[in-house]
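Novice: After the sequence you'll find the predicted model.
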Amino acid sequence: MSEEARPLPAVPYLKLPEDGDPYLEGQKCGSCGSIFLSERTTCSKCGARGGFEATRLADRGRLYVFSIVHRSFPGIEVPYISAIVDLDGGGTVKGNLIGVDPDPEKLQFGMPVEVVYKDALGRKDSEGNSYISYFFQPANG
Ligand SMILES: [Zn+2]
């Protein structure tokens, strides 16, 4: 793969190491251990300033809440499942849940999910860059 063809992460907290598996990165408060996805200077949980440390987040978690989206932008296939997942070890991440029918009967709050990394629906930007995004899919146990 040439340097130009290398896909880019769709969001800043998705890391694509050159020689390793993709992962999500959070910022961990050195004072209370709360994890946030974006860089910040003050912890919204304990109020500590500074002292954040980048930390690799788990690839597994539990479905905290979901909603089935029936209307979206042109070109976006609906329905799909928008989910919020509590990752094992900390960090709460929003993303799309795939690999399961968008049917409330098939989804349960607290069900185990894993993070998977895929091409972001084949979309490219005006410079021809492709993007890798993350999704959730049901996991065993
Ligand atoms: Zn804190």
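Specialist: It's in.

Novice: where along this structure do the strands fall?
Specialist: Taking DSSP state E, the strands of the chain run over residues 8-9, 14-15, 23-29, 35-36, 52-56, 60-69, 80-87, 92-97, 112-124, 130-138.

Novice: Tabulate those strands (JSON lines), appending mean neighbour count and mean pLDDT.
Specialist: The way it works is simple: take the backbone N, C-alpha and C, and place the C-beta from them, glycine included. Putting these into JSON lines (neighbours: other CB atoms under 10 Å; pLDDT from 0 to 100) gives the following:
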{"stretch": "strand 8-9", "mean neighbour count": "16", "mean pLDDT": "92"}
{"stretch": "strand 14-15", "mean neighbour count": "18", "mean pLDDT": "96"}
{"stretch": "strand 23-29", "mean neighbour count": "20", "mean pLDDT": "96"}
{"stretch": "strand 35-36", "mean neighbour count": "19", "mean pLDDT": "95"}
{"stretch": "strand 52-56", "mean neighbour count": "14", "mean pLDDT": "96"}
{"stretch": "strand 60-69", "mean neighbour count": "17", "mean pLDDT": "97"}
{"stretch": "strand 80-87", "mean neighbour count": "20", "mean pLDDT": "97"}
{"stretch": "strand 92-97", "mean neighbour count": "18", "mean pLDDT": "96"}
{"stretch": "strand 112-124", "mean neighbour count": "16", "mean pLDDT": "87"}
{"stretch": "strand 130-138", "mean neighbour count": "18", "mean pLDDT": "95"}
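
Novice: near the ion, which residues of this structure?
Specialist: The interface of the chain toward the ion, taken as CB under 5 Å from the ion, is made up of 29, 31-32, 34, 43, 45-46, 48.

Novice: Drop anything exposed from these.
Specialist: Buried residues within these, defined by neighbour count using 16 or more other CB atoms under 10 Å: 29, 34, 43.

Novice: measure the second one to residue 48 for me?
Specialist: Spelled out, that is residue 34. For residue 34, the distance to residue 48 (CB to CB, to the nearest Å) stands at 9 Å.
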